[in-house]
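Q: Here is the input, now give the coordinates:
(2 chains)
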Amino acid sequence: MQPAGPAPLLTPDVQTFLERGGSLMVGTRDADLVPELIRAWGLRISRDRKSVSVCVASAGSARTLANLRDNGRLAVTCALPLNSNAIQLWGRCLGTSKATREDLSAVGTHRDAFARMNEGLGVPRPFIEALWQRELAGSPAMVRIRFVAEQVFNQTPGPDAGSKL
Amino acid sequence: MNARPALTVPLDSIASCFEGIAPSSICSCSRDGLPNVTYLSIVHRLDEAHVGLSFQFFNKTRKNIQENPHAQVIVVQPGTANQYRLDLQYLRTETDGAVFDRMNTRLTAIASQTGMSQVFRLRGVDVYEVLECRPVNVDTAADLAGRLESMRELESFTERLDACEDLDALLGTALEALADLFGHRHSFVMFPDEEGTRLYTGASCGFEPSGVGSEVTVGEGMLGIAAERRSVVRVTNIPVDMGVARAVRSEIERRGEGSILDKEIPLPGLADVRSQLVLPLLFRSRLLGVLCLQSAERGRFLEADERVMQIVARHLAASMANMMRTDSVRPIVAALGPEPEAPAASQAVIKHYQSDDSIFIDDAYLTKGIPGRLLWKLLQAYVGSGRAAFTNKEIRLDAGIGLPDIKDNLETRLILLRRRLEERCEFVKLIHAGRGQLRLEVRRRLTLEQLP
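A: The predicted structure is shown next:
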């Protein structure tokens, strides 16, 4: 694990986008380059905008956490359900730990915003609530993943998807 | 032969995950170990061991799978919100064949609807082998998909249709039966015009106003593409598909390339439509029309519904074809019928504009084109000689009306004209008086004005 780099890529516009409450997915890979995905909640950006944290349900995250211990590489994509606009961060894991009270508060805020966004698209709130409740079946524990964003991409579908921001 | 071990969760037990109701995501990884995550509007289940992803743009996922065939997607099950991980291995990209055609029709329909036919193109279908399918959280049990049992409803549907005596009754009965038996409460049938370039609504159920007479262009939008390609177009989450298309549109405009975009086409029907199933009505490869089902519920029409509705559409098309040709084999009744009822004292002025055959009743627009020409001919006979009874055959043979030599369309034009009169005029009615026979019922004194 390396310390956070000096150049913050997370501009205020990017931060505003990431904190709007879109759908968050984290991708990692193992030593054989086999990928693993997991849904994440409660994205927080540090005050100096050099590091980011997200939370994942402990249940179902074993391979993700093992991959991060193995090589630290991760990608996090945030997409807004309403217009499919999306941003992807590529980064390196700084560490994982049990989610703090502040993390869980951000998770709650994110879930509420995500449910409201989806309600606007006709997705009933109970369905969105079931989405996170099912993730917690067997264990309510959440794990915090802290990482440094090394590259930021426009991930909105179209010919420019994948271009650097 | 070494068979691969069965998947932990069989794909057919979570078939609804592959309907595009809830967006999915995919993670690929480059040769140098950088994971990449992006969202997908739909993962297509090709069979029990393969899925297909649309390839529209050259992007990082495409590059990665060429370098490293491993990928993983997470799909979400509508209803339960269970998530499943599919470990995938890229096999090949298909650029033709049945799978490509089907996905291409769906994509083309959405692209056309959103004015992006030149942008949104299917370059290929990336085919992946599914190595494993497992729940994200092992403590959530797979909710097995129930099998749709529709034999009884299909039997009732065909029975009701068999009792119909003419095309008008057949269409009305069919659409009502779709609501009664299958719960599809919003439906309409569109017919092609004589040139085959436009479709117009001839019958509808569950809409207010009815939308009868509304038109779309063949080859444009979801309805027009279904007609042109004679293929089913099924969309399970229109806001998401349209949202993705609009996002791409915004990106194109941002690049200053808006000139390649066409106008977005409004979807006819429900204002809050989320699911739509469009089925071509084909009889011996001839397009008789399209049947469109709509719902405000996302995921309303699944693969199983499509199969059942295909049977419905085929039976309806065969019945329509039968109705359309019956009047030529039935005895023709005399053209002269009973005298019309004495018109009431009140008057109405009916204007006919020759330039486009539009008809205005007391300055209110009624219809145009062939239905307008038809009505004008009937009204001239009524006012000139007092005739109120007509046969389809004499109308068809009347050179003055100038019907194209496609006899099927007379029936559908008469249905459109009848519905238009029902909706917009209280004192002129076109009554169906048995197979191949019509009666004009007028309850005002009419003054006809022919204009250029």
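Q: Wasn't residue A:43 part of a helix?
A: No. Residue state for residue A:43 (DSSP: H, G, I helix; E, B strand; the rest coil) corresponds to strand; a helix is not indicated.
Q: Please tell me how far it sits from chain B.
A: 14 Å (Cβ to the nearest Cβ, to the nearest Å). To be clear about C-beta, it is placed using only N, CA and C from the backbone, and glycine gets the same treatment.
Q: Report the contact partners of that residue.
A: A:18, A:19, A:24, A:52, A:53, A:54, A:76, A:78, A:106, A:110 (Cβ atoms under 8 Å, 6 or more residues apart in numbering or on different chains).
Q: how about 6 Å then?
A: A:18, A:54 (Cβ atoms under 6 Å, 6 or more residues apart in numbering or on different chains).
Q: for residue A:52, phi and psi?
A: phi -130, psi 150 (degrees, to the nearest 10).
Q: I meant to write residue B:422 there.
A: phi -60, psi -40.
Q: Could you give the bridge partners of the spatially closest residue to residue A:155 that is not a sequence neighbour?
A: Excluding its sequence neighbours, the residue lying closest to residue A:155 (Cβ to Cβ, 6 or more residues apart in numbering or on different chains) is residue A:86, at 3.7 Å. When bridges are called by DSSP bridges, residue A:86 pairs up with residue A:79.
Q: thinking residue A:86 is in contact with residue A:79, fair?
A: Yes. Counting by Cβ atoms under 6 Å, residue A:86 touches residue A:79, with 3.8 Å between them.
Q: sec struct for residue B:308, please.
A: helix.
Q: where's it relative to residue B:368, distance?
A: 38 Å (Cβ to Cβ, to the nearest Å).
Q: Same check on residue B:267?
A: In terms of Cβ to Cβ, residue B:267 sits 23 Å off from residue B:368.
Q: Could you do residue B:251 as well?
A: Using Cβ to Cβ, residue B:251 is found at 40 Å from residue B:368.
Q: what about residue B:97, neighbour count?
A: A count of nearby residues for residue B:97, using other Cβ atoms under 10 Å in any protein chain shown, gives 9.
Q: and the longest helix seen in chain A, what other elements does it pack with?
A: Taking DSSP state H as the criterion, chain A has its longest helix at helix A:101-119. Here helix A:101-119 touches strand A:35-45, helix A:125-135, going by 3 or more Cβ pairs under 6 Å, 6 or more residues apart in numbering or on different chains; DSSP states H and E.
Q: okay, residue A:111: pLDDT?
A: At residue A:111, the pLDDT value in this model is 95.
Q: helix or strand for residue B:287, which one?
A: strand B:286-295 (DSSP states H and E).
Q: residue contacts, the residue nearest the centre of chain B?
A: Here the mean C-alpha position of chain B is nearest to the C-alpha of residue B:278 (Cα atoms, centre = their mean), at a distance of 2.9 Å. Contact analysis of residue B:278 by Cβ under 6 Å, 6+ apart lists B:222, B:223, B:226, B:233, B:290, B:292.
Q: Now with 10 Å, please.
A: Counting by Cβ atoms under 10 Å, 6 or more residues apart in numbering or on different chains, residue B:278 touches B:109, B:190, B:221-227, B:231-235, B:290-294, B:301, B:309, B:313.
Q: Kindly report the same for residue B:110.
A: Taking Cβ under 10 Å, 6+ apart, one finds B:41, B:116, B:120, B:221-222, B:225, B:233, B:235, B:238, B:241-242, B:244-245 in contact with residue B:110.
Q: Tell me the spacing between it and residue B:301.
A: Relative to residue B:301, and taking Cβ to Cβ, residue B:110 is found at 15 Å.
Q: which residues touch the nearest residue to residue B:355 once chain neighbours are set aside?
A: Closest residue to residue B:355 apart from its sequence neighbours, by Cβ to Cβ, 6+ apart: residue B:452 at 6.2 Å. Counting by Cβ under 10 Å, 6+ apart, residue B:452 touches B:353, B:354, B:355.
Q: Buried subset of those, written for ChimeraX?
A: Command for ChimeraX that selects the buried part of the contacts of residue B:452, burial taken from 16 or more other Cβ atoms under 10 Å in any protein chain shown:
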select /B:353
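Q: need the contact list for the residue lying closest to residue B:214 once chain neighbours are set aside.
A: Distances taken as Cβ to Cβ, 6+ apart place residue B:201 nearest to residue B:214, at 4.8 Å, with adjacent residues excluded. Neighbouring residues of residue B:201 by Cβ under 10 Å, 6+ apart: B:188-191, B:207, B:210-216, B:223, B:268-269, B:289-290, B:292, B:416, B:419.
Q: Narrow those residues to those in strands?
A: If you go by DSSP state E, the contacts of residue B:201 have B:188, B:189, B:190, B:191, B:215, B:216, B:289, B:290, B:292 in strands.
Q: Which of the helices or strands spans the closest residue in space to the fourth one that isn't next to it in sequence?
A: The reference is to residue B:191. Closest residue to residue B:191 in three dimensions, ignoring its sequence neighbours and counting by Cβ to Cβ, 6+ apart: residue B:412, at 4.1 Å. Secondary-structure element containing residue B:412, defined by DSSP H and E: helix B:408-424.
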